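Student: Here is the input, now give the coordinates:
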Amino acid sequence: MKNIKKDFPFFQHHENIVYLDSAASAQKPQVMIDCIKHTYETSYANVHRGSFPVSDNITEKYEQARKTVAKFFHANPREVIFTKGTTDSINMSIRTLEDNGFIKDGDHILLTEFEHHSNLVPWLQLQKRKNIKIHLAPINDQQELDIKEYENLLKKHPIKITAFTHVSNTTGTLLPIKKMSELAKKHNAISIIDAAQSAAHIDIDVKDIQCDILAASAHKMYGPTSVGILYITEELLKKLSSPVGGGSMVNQVFRDSFEEQEYPQNFEAGTPPIVEAIGFAAACDYINSIGKTKIYEHEKELTEYAYILLETLPNIKIFSHKKSVGIINFFFPDHMSIQIAEELGERNICIRAGRFCTHPLLETLGISSSIRISLGMYNTKEDIDTAYQALSEIIA
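Tutor: Residues are numbered from 1 along each chain as shown. As a prediction, this is how the structure comes out:
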């Protein structure tokens with residue numbers, strides 16, 4: 001894994017930068033960039049509606065991209081809808097379930113305290129439209145999900161939908177999503193998984209997990225921005241009509257009615273993210289070429305290494321585990337987190353400080369802001385050493 005950085009042109013242009021902000025967005029491999037560039041230069045046209053060879057060719061590439069991305073998540077291609085990203089996917093899933101009568105006044109929704117705002121705010125917006133009750137499953141003293149309380153909430157309330165993150169973007173905590181999905185099915189609740197923070201680091205098999213819906217973003221998976229997926233089981237898709245309307249998603253339109261296309265095309269109104277989806281597939285191919293297990297083991301080793309170093313710093317408070325997924329979150333009570341991040345930035349060390357779009361979680365942790373180191377496949381122990389040395393000097 002030591003030579004992986006050569007695959008990422010960003011590091012050729014910025015040899016002295018230590019990039020530890022992959023949880024916000026990952027850097028891009030040359031092979032993915034080349035794929036997008038080549039497609040725009042040689043193959044671009046609109047999809048599904050042309051009657052000429054270039055359009056047919058890019059339509060084939062676009063649908064092949066769907067197959068590639070679907071295979072990456074062990075899904076059926078017909079179950080994969082291309083969206084703008086995880087936030088868009090979660091919003092679309094909520095609107096779809098609402099419009100199709102799966103969410104009604106009086107229903108109960110179960111989330112967790114770990115949720116990113118993208119999996120909390122849309123539900124709060126729904127609460128303004130519908131008389132629903134939102135429950136948040138708590139975390140325990142070890143900063144893990146209290147799975148017993150999660151199950152108790154499913155038993156105690158008539159939960160209609162449960163939506164939860166796979167990996168916390170703030171602490172790196174890995175949630176037991178297979179167990180949570182099993183519990184959801186046991187209590188006749190629809191399960192929705194936010195996989196934005198896990199898809200680049202862990203092999204996700206939607207069939208093994210048996211979730212109903214899953215959302216993920218390409219840009220955190222070494223792919224382009226403005227594209228992601230919304231996975232919905234075929235069993236559920238058969239019961240749904242699209243919440244969005246326009247071109248491409250219809251077979252025929254009359255003056256007073258219309259006929260929808262079959263899924264997944266009926267969910268992709270207008271011109272889809274054609275080249276971005278093809279780039280997404282190239283990123284999936286690149287991850288597979290390195291090996292998901294190899295990436296996971298490498299990042300696991302780096303996370304443990306970083307944790308051991310960081311816990312030697314005086315007065316540090318760490319909110320992550322040695323076994324967290326590529327993220328270590330911490331703060332120093334006597335120092336402003338944002339100031340530390342800025343000073344590290346001046347030394348070409350890219351980390352993030354703030355509340356990470358998880359305000360309720362930080363409130364539970366009893367802090368107003370913190371610092372996050374997040375890893376990608378291209379990081380090394382030398383990167384960790386450089387960040388550790390700089391932190392030591394800044395807080396001295």
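Student: From residue 286, how far out is the residue lying farthest from the centre of the chain?
Tutor: Within the chain, residue 255 marks the point farthest from the mean C-alpha position, 40.2 Å out by C-alpha atoms, centre = their mean. Plainly put, residue 255 is 48 Å away from residue 286 if you go by C-beta to C-beta, to the nearest Å. Placement of C-beta: from N, CA and C, glycine included.
Student: Secondary structure class of the residue farthest from the centre of the chain, three-state.
Tutor: coil (DSSP: H, G, I helix; E, B strand; the rest coil).
Student: Then residue 160?
Tutor: With three-state DSSP as the basis, residue 160 sits in strand.
Student: quick one, what contacts it?
Tutor: In this structure, residue 160 makes contact with 102-103, 107-109, 189-190, judged by C-beta atoms under 8 Å, 6 or more residues apart in numbering.
Student: switch to 7 Å and redo it
Tutor: 103, 107-109, 189-190 (C-beta atoms under 7 Å, 6 or more residues apart in numbering).
Student: for the residues you listed, which one is nearest residue 389?
Tutor: residue 109 (45.8 Å; C-beta to C-beta).
Student: Quick one: mean pLDDT over the helix or strand harbouring the closest one.
Tutor: Remark: residue 109 resides in strand 108-112, with elements defined by DSSP states H and E. In this model, strand 108-112 has an average pLDDT of 98.
Student: Keeping just the C-alphas, turn the next helix or strand after that strand into CSV.
Tutor: Remark: after strand 108-112, the chain's next helix or strand is helix 121-129, criterion DSSP H and E. Output in CSV follows, covering the C-alpha atoms of helix 121-129 (Å, rounded to 0.1, in the frame of the first residue of the first chain):
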residue,chain,number,x,y,z
VAL,A,121,-32.9,17.1,9.1
PRO,A,122,-35.0,15.5,6.3
TRP,A,123,-37.0,13.6,9.0
LEU,A,124,-37.4,16.9,10.9
GLN,A,125,-38.7,18.5,7.7
LEU,A,126,-41.1,15.5,7.3
GLN,A,127,-42.3,16.1,10.9
LYS,A,128,-43.5,19.6,9.7
ARG,A,129,-45.6,17.9,7.0
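Student: other SSEs contacting helix 121-129?
Tutor: helix 86-99 (3 or more C-beta pairs under 7 Å, 6 or more residues apart in numbering; DSSP states H and E).
Student: Give the other helices and strands that the helix it packs on contacts.
Tutor: helix 121-129, strand 190-194, strand 213-217, strand 228-232.
Student: out of the ones you listed, which comes closest to residue 84?
Tutor: strand 228-232 (6.4 Å).
Student: Buried residues, that closest one. List them.
Tutor: Within strand 228-232, the residues that qualify as buried are 228-232, counting by 16 or more other C-beta atoms under 10 Å.
Student: Let me see the domain layout of the chain.
Tutor: 4-20+291-395, 32-288 (automatic domain parsing).
Student: Redo these as CSV? Include distance to residue 26.
Tutor: Output for the domains of the chain, formatted as CSV (distance: least, C-beta to C-beta, whole Å):
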stretch, distance to residue 26
domain 4-20+291-395, 5
domain 32-288, 5
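Student: if I pick residue 290, what's in contact with it?
Tutor: residue 377.
Student: at 8 Å what do you get?
Tutor: By C-beta under 8 Å, 6+ apart, the contact set of residue 290 is 1, 4, 377.
Student: what pLDDT does the second one get?
Tutor: Which is residue 4. The model's pLDDT for residue 4 equals 96.
Student: Quick one: residues contacting it.
Tutor: With C-beta under 8 Å, 6+ apart, residue 4 has these contacts: 290, 377-378.
Student: One more: residue 217?
Tutor: Counting by C-beta under 8 Å, 6+ apart, residue 217 has contacts 85-86, 196, 199, 227-228.
Student: ok, and the most crowded of those residues?
Tutor: Among the contacts of residue 217, residue 228 has the most neighbours (other C-beta atoms under 10 Å), with 31 neighbours.
Student: Surely it touches residue 214?
Tutor: No - the pair residue 228 / residue 214 is not scored as a contact, 10.5 Å apart, by C-beta atoms under 8 Å.
Student: partner residues bridging the residue nearest to residue 23 when sequence neighbours are not counted?
Tutor: Nearest residue to residue 23 in three dimensions, chain neighbours excluded: residue 374, at 3.3 Å (C-beta to C-beta, 6 or more residues apart in numbering). Counting by DSSP bridges, residue 374 forms beta bridges with residue 21, residue 327.
Student: Residue 32 versus residue 374, what's the distance?
Tutor: From residue 374 across to residue 32, the span is 20 Å (C-beta to C-beta).
Student: ditto for residue 87
Tutor: 21 Å.
Student: Serialize the contacts of residue 4 to TSV and add fields for pLDDT.
Tutor: Below are the contacts of residue 4 laid out as TSV (pLDDT from 0 to 100):
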residue	pLDDT
290	98
377	98
378	98
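Student: Now, those that are in helices?
Tutor: residue 290 (DSSP state H).
Student: and which of the contacts of residue 4 is nearest residue 165?
Tutor: residue 377 (21.0 Å).
Student: Who's the closest spatial neighbour of residue 192, skipping the chain neighbours?
Tutor: residue 163 (3.9 Å).
Student: what sits against that neighbour?
Tutor: 90, 109-111, 115, 119, 123, 191-194.
Student: Out of those residues, who's the most crowded?
Tutor: residue 194 (30 neighbours).
Student: does that residue have beta-bridge partners, and which?
Tutor: With DSSP bridges as the rule, residue 194 is bridged to residue 165, residue 215.
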